[in-house]
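Enquirer: no sequence for this one, just the structure:
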């Protein structure tokens with residue numbers, strides 16, 4: 001079975017931020033994000049297949065609100081989620097944010 005990172009269709013950027021999940025018992029924190037999904041850290045991750053409504057803060061003033069599904073759950077650690085839908089405006093915000101980060105990483109690697 002291939003590792004999770006081998007199945008990814010989009011590059012991920014590290015982004016450690018608070019994230020709101022519509023399950024009050026969770027205390028999640030975003031670890032990384034891509035155009036297709038994210039990894040959310042929480043010591044009580046939700047089971048695979050669970051649908052979620054998220055609010056992810058890309059910075060202090062900009063957030064996105066994708067609907068997502070848990071695709072991978074690591075007990076005691078967190079969960080990988082796939083974005084199923086979000087507004088065009090949110091997708092543009094995410095593209096700009098992830099694209100800007102990728103440019104910085106490329107410049108730092110020279």
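Expert: Looks like it arrived, so ask away. All of these numbers come straight from a predicted model, not from anything done at the bench. Numbering: from 1, shown residues only.

Enquirer: residues in contact with the spatially most central residue of the chain?
Expert: In the chain, the residue lying closest to the centroid (Cα atoms, centre = their mean) is residue 38, at 2.1 Å. Counting by Cβ atoms under 8 Å, 6 or more residues apart in numbering, residue 38 makes contact with 12, 19, 30-32, 54, 56, 68, 80-81, 83. To be clear about C-beta, it is placed using only N, CA and C from the backbone, and glycine gets the same treatment.

Enquirer: the host helix or strand of residue 38: partners in the sheet, and parallel or antiparallel?
Expert: Residue 38 belongs to strand 37-41 when assigned by DSSP states H and E. Counting by DSSP bridges, the strands paired with strand 37-41 are strand 29-33 (antiparallel), strand 78-85 (antiparallel).

Enquirer: output those in JSON lines; the columns should cover mean pLDDT and mean neighbour count.
Expert: As requested, the strands paired with strand 37-41 are exported to JSON lines (pLDDT from 0 to 100; neighbours: other Cβ atoms under 10 Å):
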{"stretch": "strand 29-33", "mean pLDDT": "92", "mean neighbour count": "19"}
{"stretch": "strand 78-85", "mean pLDDT": "97", "mean neighbour count": "20"}
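
Enquirer: nearest to residue 43, of those?
Expert: Nearest to residue 43, of all the strands paired with strand 37-41, is strand 78-85, at 8.3 Å by Cβ to Cβ.

Enquirer: that older thread, could the strands paired with strand 37-41 be laid out in JSON lines, adding distance to residue 97?
Expert: What follows is the strands paired with strand 37-41, written out as JSON lines (distance: least, Cβ to Cβ, whole Å):
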{"stretch": "strand 29-33", "distance to residue 97": "8"}
{"stretch": "strand 78-85", "distance to residue 97": "14"}
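
Enquirer: right, and the ones you listed - which one's nearest residue 96?
Expert: The nearest among the strands paired with strand 37-41, by Cβ to Cβ, is strand 29-33 at 12.7 Å.
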